[in-house]
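Q: one predicted model, sequence on top.
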Amino acid sequence: MAYNPTHALELLRLGTQNPAAVFRDGQEEAIGHVVDGSGRLLVLQKTGWGKSFVYFIAAKLLREEGMGVAILISPLLALMRNQIAAAERMGVRAFTIHSGNQDPETPEGPAQGRCSAPDLRMRHD
């Protein structure tokens, strides 16, 4: 698949809710690497750099081309709700799997019921 920088930037702006948002150094290159099929990629950056947007935008672009579900494993349970909200603003169908949402009585409900055809599954590990 060919990486579409214009569409990627649109998704970033939707996710951040900032119509003037621009990619940080390395973000766009990381997304392009994954979307173009250049192989695996490890992104090591400080908290707040925007790693989640790299994952979400790449997942959305790949799903639009018919690729499979992306799985993101995160140690940051506290950020998962905010990350899911940002992903959903971009049109990424996402849900989390963690100890707090296995009970049907939780706000998220059972994981499999929250999103029947997800683009992204986030798991706390």
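A: Yes, it's here. Numbering: from 1, shown residues only.
Q: can you pull out the helices in this structure?
A: Counting by DSSP state H, one finds helices in the chain at the ranges 5-16, 27-35, 51-64, 80-89, 111-114.
Q: what's the fourth one in contact with?
A: Where contact means C-beta atoms under 8 Å, 6 or more residues apart in numbering, the residues beyond helix 80-89 that reach it are 14-17, 52-53, 56, 59, 74, 94-96, 98, 120, 122, 124. Every residue, glycine included, has its C-beta placed from N, CA and C.
Q: give me the neighbour count for Val43.
A: Residue crowding around Val43 was assessed by other C-beta atoms under 10 Å; the count is 15.
Q: so who does it touch?
A: Going by C-beta under 8 Å, 6+ apart, the list of residues near Val43 reads Gly26, Ala30, Lys51, Val54.
Q: which residues does the closest residue to Ser38 other than its chain neighbours contact?
A: For Ser38, the nearest residue in space outside its immediate sequence neighbours is Gly32; the separation is 8.0 Å by C-beta to C-beta, 6 or more residues apart in numbering. By C-beta under 8 Å, 6+ apart, Gly32 lies in contact with Tyr3, Pro5, Ala8, Ser38.
Q: top of the residues you listed by number of neighbours, please.
A: Taking other C-beta under 10 Å as the neighbour criterion, Ala8 ranks highest of these with 22 neighbours.
Q: tell me if I'm right that it and Ile57 touch.
A: Yes: applying C-beta atoms under 8 Å, one finds Ala8 in contact with Ile57, separated by 5.4 Å.
Q: who touches both of these two?
A: Any residue near both Ala8 and Ile57 by C-beta under 8 Å, 6+ apart counts here, and that gives Ile31.
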